[in-house]
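A.B. asks: Build me a model from this:
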Amino acid sequence: MTSPPIPASGLLAVAATGVAVGLINALSGGGSLLSFPLLTALGLPALVANATNTVALLPGYLGAALAQRRDLSGQRRRALLLLPLAGAGGLLGGALLLVSGEELFRALVPWLILLGSALLALQPALRARFGSRPGAPGPDHPLAWSLVPLLLASIYGGYFGAGLSVILLAVLALCLDDSLTRLNALKQAFALAANLSAALLFVGLGRVDGLIALLLGGGALVGGALGGRLAGRLDPELLRWLVVVIGLAVAALFWLRGARL
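C.D. replies: This is a model prediction of the structure:
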């Protein structure tokens, strides 16, 4: 799918925003709260903007999963059982997005952005709450406890995705008794599975703007690499709150825009 004509300045803005998103995701998370509104501002339908955003940011999930692959050691049983569920949830969420249509999605967008902003704001509290565990793995609760919460979180990820990493980590920490480092590695793998399933669906059905996805994804790769280098120099807390404020402002703008329609 191709977007409506976008001037060179708009394409440059997409690439620059991709760099910012990659940097933000590397340091604090929440980059989708910037990229999705930009794509709609450039004239992409909300549904196409969301699908394009999902595909463009997929390499970031892959990079995060590969970076923590060593922490998946000893978690083969969990992964074999739960990864297909995360993928199925992402696929179902993507299908729900396409079936629900543009009008319903636009009505939900402000609430979804608000939820993503709230999760980002609560991120340190959630980490403190769920991260107060022994450093060594403990005995699992039955894996069955995690099936429904993981499926619901993955469906959300396929449908919209902002704040998915926070949701997944909270779900795993509630359902599984293990160190935060190992659970975070599982989270990376599950987020990748959910987003990959949705991305393949969107691409297969032609709901993605290829040029925009390429520019945004390329910028995000550069930003992610830059974030790795600047991790010790920038204040992630300040960056996180900046994204939260922007997210709240964007949600308000979408509400106002909807009220005028």
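A.B. asks: got the contact list for stretch 192-210?
C.D. replies: If you take CB atoms under 8 Å, 6 or more residues apart in numbering as the criterion, stretch 192-210 is touched by 1-3, 44, 47-48, 51-52, 54-55, 57-58, 61-62, 64-65, 83-84, 86-91, 93-95, 97-98, 153-154, 157-159, 161, 164. All C-beta spots, glycine's among them, are computed from the backbone N, C-alpha and C.
A.B. asks: Report the buried members of those.
C.D. replies: The neighbour count (16 or more other CB atoms under 10 Å) marks 1, 3, 44, 47-48, 51-52, 54-55, 57-58, 61, 64-65, 83, 86-91, 93-95, 97-98, 153-154, 157-159, 161, 164 as buried among these.
A.B. asks: Now go through the residues you listed and say which are in helices.
C.D. replies: Those of those mapping onto helices are 47-48, 51-52, 54-55, 58, 61, 64-65, 83, 86-91, 93-95, 97-98, 153-154, 157-159, 164, per DSSP state H.
A.B. asks: so where's the stretch 51-200 of the chain shaky on pLDDT?
C.D. replies: For the stretch 51-200 of the chain, the stretches flagged by pLDDT under 70 are 127, 130-142.
A.B. asks: Just give me the neighbour total for Ala225.
C.D. replies: 15 (other CB atoms under 10 Å).
A.B. asks: can you map out the helices along the chain?
C.D. replies: Under DSSP H, the chain gives helices at 8-27, 32-41, 46-56, 58-67, 76-121, 123-130, 147-159, 164-175, 180-204, 210-230, 236-260.
A.B. asks: Need the winner for burial among these.
C.D. replies: Across those, averaging neighbours per residue (mean count of other CB atoms under 10 Å) puts helix 46-56 on top, at a mean of 26.
A.B. asks: what helices or strands is that one leaning on?
C.D. replies: Contact partners of helix 46-56 among helices and strands, from 3 or more CB pairs under 8 Å, 6 or more residues apart in numbering; DSSP states H and E: helix 32-41, helix 76-121, helix 180-204, helix 210-230.
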